[in-house]
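Engineer: I'll drop the sequence and a predicted model, then ask my questions.
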Amino acid sequence: MDIADGDNDVGAVRLEPWGEGDFWLLRRTNSPEMTDHLGGPESEAKLKARHRRYLAVEPGCTYRVTLAGSGETVGSIGFWEREWRGETVWETGWGVLPEFQGRGLATEAARAVIEAARAYGGHRCLHAFPSVDHPASNGVCRRAGFTLLGAADFEYPKGHWMTSNDWRVELTQADSRRTVT
């Protein structure tokens, strides 16, 4: 997918490739309120390591989510490889800054990342694993078109186990055109 062509726009948001200058966003999304369902805030060293991973994600992509009109940064989203139940799949996750929450921007960013993963290719499915206790992220999955597969034990971050919902979107053309009779 050619980011410069604007193929990553969905309504009010735009996905911009993660850059060197985006470390501030990791710091903002590392607050207790933003990490409550993710095991809590990370140390500065872990944030720096995460930033390096975001810059080097391959295959996959990490993005800064901006408002399409103003370019103001509202959060981040991405997709990356994960082994899940004997299959290599894409996984996605996101964070929207508190002052922009409740406006549907995470849902629009999730729809945009679905299209980005579909265009990137490589895997049949994109999964999201929000905590079962996180109604906002589970609502994003539902509104963005993911299918709920059920609850699963999930390790994130490493060493921290939680019960997550396994949401999936089929990315391949054959699967997306399937009809129910």
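Structural biologist: Nice, I can see it. These numbers were taken from a predicted model, which means no experiment stands behind them.

Engineer: how close does residue 19 sit to residue 137?
Structural biologist: Distance of residue 19 to residue 137, given as CB to CB, to the nearest Å: 25 Å. All C-beta atoms are positioned from the backbone trio N, CA, C, and that covers glycine.

Engineer: all helices in this structure, in order from the N-terminus.
Structural biologist: 23-28, 32-35, 44-56, 105-120, 135-144, 173-176 (DSSP state H).

Engineer: point out where the protein drops to low pLDDT.
Structural biologist: Along the chain, segments meeting pLDDT under 70 span 1-10, 32, 34-41, 57-59, 173-181.

Engineer: okay, the residue nearest the centre of it and residue 71: tell me how far apart.
Structural biologist: Taking CA atoms, centre = their mean, the centroid of the chain lies closest to residue 93, which sits 2.6 Å from it. The gap separating residue 93 from residue 71 is 23 Å, by CB to CB.

Engineer: also residue 97?
Structural biologist: According to CB to CB, residue 97 and residue 71 sit 14 Å apart.

Engineer: and what of residue 110?
Structural biologist: Shown here: residue 110 relative to residue 71, a distance of 20 Å by CB to CB.

Engineer: the two: who's more crowded?
Structural biologist: More crowded of residue 110 and residue 71, by other CB atoms under 10 Å: residue 110, with 27 against 9.

Engineer: please list all residues in contact with that one.
Structural biologist: Contacts for residue 110 (CB atoms under 8 Å, 6 or more residues apart in numbering) come out as 77, 92, 94, 128, 140, 141, 143, 144, 146.
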